[in-house]
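Participant: coords below, sequence missing:
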């Protein structure tokens, strides 16, 4: 637990520190400690975090289930979840723009081939890895090949769970890519991870987690319909098939530049289309 919070709770009970005996924690004392958490912090996320830490501490020293339950504050948890859902809805409505560096799969493929020839743990190479394997940034340390599948996925997944490789790149190239990646030193990868936030913000104009989402979108581009597209994205993100959440639905809102152009052209006068096409051709030649 947070040391300052420990002191506040101990002070309330005129103690030198938090009791380390589970028998000491009666439901009344546990409830009072939870009240101190609520009174100390204004932010709902922080309240929920420290209430959870308090319960974890009490369980670790053998407090009774009744005492642990006395720290529950459902109104605070529900209020926090409402805020999180509102934030998610706003994020879903906004969608994610594909960074310029990942709009061309041919260019991404070329970078991957260059990496296989000369593996280096740079933040830019890490960004490519996250897109190709729809990976969380710390999965750059854990993902590895097992036959034609991946193991080492994180976030409530068993380390030995196997997942199909679903990527915007061919399977054979992905296998050679991750084999080369796994030769990198973990200290060097950790250094690249620390630099990635700044690179994403300054160069790609997105958050690190957006690279995973962009990768899932690119992997699904050639699906025949929206249903199969969503299924491919779930597989790419290593979601189990039973989990269809608002978070997964968010991945379908990655903005497709080609569709954006089509939508924009639909709003123009057909008489202007020839002039627009000539402008596009001139831009390609530059």
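Facilitator: Cool, got the structure. All values derive from a computational prediction rather than experimental measurement.

Participant: now for residue 8, how many residues are close by?
Facilitator: By the criterion of other CB atoms under 10 Å, residue 8 has 15 neighbours. Every residue, glycine included, has its C-beta placed from N, CA and C.

Participant: quick thing: my sequence starts at 44, can you match it?
Facilitator: Sounds good: first residue 44 from here, last item residue 51.

Participant: quick one, helices of this protein?
Facilitator: 46-55, 70-83, 87-103, 108-112, 117-137, 148-160, 166-175, 214-224, 229-242, 251-262, 269-279, 289-294, 300-309, 316-328 (DSSP state H).

Participant: got the ones you listed as TSV, with distance to residue 195 and mean pLDDT columns?
Facilitator: Converted to TSV, those look like this (distance: least, CB to CB, whole Å; pLDDT from 0 to 100):
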stretch	distance to residue 195	mean pLDDT
helix 46-55	35	76
helix 70-83	36	92
helix 87-103	26	88
helix 108-112	33	94
helix 117-137	27	68
helix 148-160	19	96
helix 166-175	13	95
helix 214-224	10	96
helix 229-242	13	94
helix 251-262	15	87
helix 269-279	16	69
helix 289-294	21	47
helix 300-309	32	51
helix 316-328	41	54
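
Participant: of those helices, which is nearest residue 197?
Facilitator: The closest of the helices of the chain to residue 197 is helix 251-262. By CB to CB, the value is 11.5 Å.

Participant: next, the angle from that closest one to helix 229-242.
Facilitator: 90 degrees (axes from the mean of the first three to the mean of the last three CA atoms, to 10 degrees).

Participant: nearest to residue 207 among the helices of the chain would be which one?
Facilitator: In terms of CB to CB, the element of these nearest to residue 207 is helix 269-279, at 6.0 Å.

Participant: re the thing from before, among the helices of the chain, which comes closest to residue 63?
Facilitator: So among those, helix 87-103 is nearest, using CB to CB, at 9.4 Å.

Participant: report all helices and strands that the closest one contacts.
Facilitator: Judged by 3 or more CB pairs under 8 Å, 6 or more residues apart in numbering; DSSP states H and E, helix 87-103 is in contact with helix 70-83, helix 108-112, helix 117-137.

Participant: highest average neighbour count across those?
Facilitator: Highest mean neighbour count among these (mean count of other CB atoms under 10 Å): helix 70-83, with a mean of 17.

Participant: what helices and strands are in contact with it?
Facilitator: helix 46-55, helix 87-103, helix 108-112.

Participant: ok, residues contacting that helix?
Facilitator: If you take CB atoms under 8 Å, 6 or more residues apart in numbering as the criterion, helix 70-83 is touched by 48, 51-52, 55-56, 90, 93-94, 97, 101, 106-107, 109-116, 119.

Participant: pull out the buried members of the residues you listed.
Facilitator: The neighbour-count criterion (16 or more other CB atoms under 10 Å) marks 48, 52, 90, 93-94, 97, 101, 106-107, 110-111, 113-114, 116, 119 among the contacts of helix 70-83 as buried.

Participant: and those residues, which two are the farthest apart?
Facilitator: Of all pairs in those, the most separated under CB to CB is 90 and 107 at 23.1 Å.

Participant: can you pull the contacts of residue 254?
Facilitator: 145, 170, 173, 174, 243, 247.

Participant: again but with residue 239, I slipped
Facilitator: 166, 169, 170, 180, 251.

Participant: what's the burial count for the nearest residue to the second one once chain neighbours are set aside?
Facilitator: With CB to CB, 6 or more residues apart in numbering as the measure, residue 235 is the residue that lies nearest to residue 169, at 4.4 Å, once sequence neighbours are left out. Other residues within reach of residue 235, judged by other CB under 10 Å, total 21.

Participant: again with residue 102
Facilitator: Look at residue 102: counted by other CB under 10 Å, it has 14 neighbours.

Participant: same list (the contacts of residue 254) but as a markdown table, adding distance to residue 206 and neighbour count.
Facilitator: A markdown table is the format used below for these (distance: CB to CB, whole Å; neighbours: other CB atoms under 10 Å):
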| residue | distance to residue 206 | neighbour count |
| --- | --- | --- |
| 145 | 22 | 21 |
| 170 | 21 | 25 |
| 173 | 15 | 24 |
| 174 | 17 | 29 |
| 243 | 24 | 21 |
| 247 | 25 | 21 |
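
Participant: and of those, the nearest to residue 193?
Facilitator: Nearest to residue 193 among the contacts of residue 254, with distances taken as CB to CB, is residue 173, at 13.3 Å.

Participant: could you measure from that closest one over to residue 88?
Facilitator: The gap separating residue 173 from residue 88 is 26 Å, by CB to CB, to the nearest Å.
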